[in-house]
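Student: show me how the following folds:
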Amino acid sequence: MGICYNWIVKILIISDTHRSLKLAEQAIRRHLPADLLIHLGDFYADGKELAEKIGIEFQGVRGNEDLLEGPNELEINQDGVKIFATHGHRYEIDSGLELISSEAKERGARLVLFGHTHKAGIYQKDGIWLLNPGNLFFAEREQSLGVIDTDGAGMVLSIFNFKQGGFSDVRKI
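Tutor: Predicted coordinates:
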């Protein structure tokens, strides 16, 4: 009988940093080591700069306050799960999750990562999981980031609330 290794991959998801680099860096460093940093826009360049400084792989999308840097959307395959990442403003998420979950379904994605609303949460809509990491800038909202842990057998999605110093929502998919 052979030895079976389970490789755990940790992905950190941030959004809407709006040049609040000090707070974002503290939040990210608190969750290291990690394999990948995904920035969901507003400001894409923040994610790139932080990933370079910390020494972590980076992927990201641009938001409504970014100029032309970065793609509008990403598709990532992780442990057999297709992930669709976008800022969200192009899918009218302020009005609901219907358009973005419909787009994910058309793409064959099982998980959507989005930002824009500055409100963290993990949702399920029409069989699609959606994660919004919240923001790491606006004081009137809870400052938070998203974490995805995968081990080849499943994913754990979580929201870490920076002010409370703990996880506020955890879901296994």
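Student: secondary structure class for L131?
Tutor: strand (DSSP: H, G, I helix; E, B strand; the rest coil).
Student: pretty sure it contacts R110?
Tutor: No. The pair L131 / R110 is not scored as a contact, 11.5 Å apart, by Cβ atoms under 8 Å. Backbone N, C-alpha and C define where each C-beta goes, glycine included.
Student: those two: which has the busier surroundings?
Tutor: L131 (27 against 17; other Cβ atoms under 10 Å).
Student: report the contact partners of A45.
Tutor: 66, 69 (Cβ atoms under 8 Å, 6 or more residues apart in numbering).
Student: any idea how many residues pack against K105?
Tutor: 16.
Student: so it makes contact with I128?
Tutor: Yes. In this structure, K105 is within contact of I128 by Cβ under 8 Å, at 6.1 Å.
Student: low-confidence ranges in this structure?
Tutor: For the chain, the stretches with pLDDT under 70 are 1-6, 138-141.
Student: do a quick rundown of the helices in it.
Tutor: 21-30, 44-54, 98-107 (DSSP state H).
Student: to H116, which of the ones you listed lies closest?
Tutor: Nearest to H116, of all the helices of the chain, is helix 98-107, at 10.0 Å by Cβ to Cβ.
Student: in the closest one, which residues are buried?
Tutor: 100-101, 103-105 (16 or more other Cβ atoms under 10 Å).
Student: and what of stretch 55-68?
Tutor: Those would be 56, 58-63, 66, for stretch 55-68 by 16+ other Cβ under 10 Å.
Student: repeat that for stretch 23-40.
Tutor: 24-25, 27-28, 34, 36-40.
Student: thinking again about what came up before, make a markdown table from the helices of the chain and add distance to I8 to it.
Tutor: What follows is these, written out as a markdown table (distance: least, Cβ to Cβ, whole Å):
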| stretch | distance to I8 |
| --- | --- |
| helix 21-30 | 17 |
| helix 44-54 | 19 |
| helix 98-107 | 25 |
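Student: I am finished for the moment; much appreciated.
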